[in-house]
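A.B. asks: Predicted coordinates and the sequence they were generated for:
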Amino acid sequence: MTTTPSKPQDRKAPARSKAPKPSDVVDAEQEAAALREELLGDMPPLRAPNRFRLGHRNDFENLTLDAAKSGAFDGNGDGDGMLEFDTSKPEDIERFQKFKAFVVSIDAWAESIADDKDAYAEWAVGKTEEHFMALFIYYRDELGKSRSSAS
């Protein structure tokens, strides 16, 4: 039998999530920028987010929506391990295949916005999922900024 504390002093305060310190946020942003530079620093120029036409924005949003709809981003439900896969489990194999298809869609989309499509195609040879996810995250964040400043 469990008992509930009846006195206010016996009750525990609900756990509160701590907001990150500003210095932690800055550090995380600097680390992300350094990783992006490492992965994408030699990439030929792509169209800047502020130069997107409606089709570019829609195509980007649709590839994101298609991945979400397919379940490519489904994880264990708590945000941890969203992009971790156990290839001994059929459901993870299927999700891994959907994730890989999403990464291919990022590559195809990026080629569509390349200033020089041949230079981009040459750059993309031999790149990994990490390269294309860094590219996706960059545009996701940049398009999010422009969307919030437009409202």
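C.D. replies: Sure thing, it's come through. Numbering: from 1, shown residues only.
A.B. asks: How much space separates F136 from E91?
C.D. replies: In this structure, F136 lies at 23 Å from E91, with Cβ to Cβ, to the nearest Å as the measure. For glycine as for every other residue, the C-beta is placed from the backbone atoms N, C-alpha and C.
A.B. asks: Between those two, point out the one with more neighbours.
C.D. replies: Relative neighbour count places F136 above the other of F136 and E91, with 21 against 11, counting by other Cβ atoms under 10 Å.
A.B. asks: and the closest residue in space to that one that isn't next to it in sequence, how many neighbours?
C.D. replies: Of all residues not flanking F136 in the chain, I106 sits nearest, at 4.9 Å (Cβ to Cβ, 6 or more residues apart in numbering). Residues near I106, counting by other Cβ under 10 Å, number 22.
A.B. asks: shaky segments in the chain?
C.D. replies: When the per-residue scores of the chain are filtered using pLDDT under 70, the ranges that remain are 1-28, 75-83, 146-151.
A.B. asks: just the helices in it please.
C.D. replies: With helices called from DSSP state H, the chain shows them at 22-40, 54-70, 90-112, 117-124, 129-150.
A.B. asks: can the ones you listed go into CSV with extra columns for distance to R47?
C.D. replies: Below are the helices of the chain laid out as CSV (distance: least, Cβ to Cβ, whole Å):
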stretch, distance to R47
helix 22-40, 14
helix 54-70, 7
helix 90-112, 9
helix 117-124, 11
helix 129-150, 10
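A.B. asks: show me the contacts for L63.
C.D. replies: L63 sits next to 102, 105-106, 109 when contact means Cβ atoms under 8 Å, 6 or more residues apart in numbering.
A.B. asks: Specify which member of those residues is nearest to D141.
C.D. replies: Nearest to D141 out of these is I106 (Cβ to Cβ; 14.1 Å).
A.B. asks: ok, of the contacts of L63, which one's closest to A124?
C.D. replies: Using Cβ to Cβ, the contacts of L63 come closest to A124 at I106, 10.1 Å.
A.B. asks: Could you tell me which residues make contact with that closest one?
C.D. replies: Contacts of I106 were listed using Cβ under 8 Å, 6+ apart, and they are 63, 132-133, 135-136.
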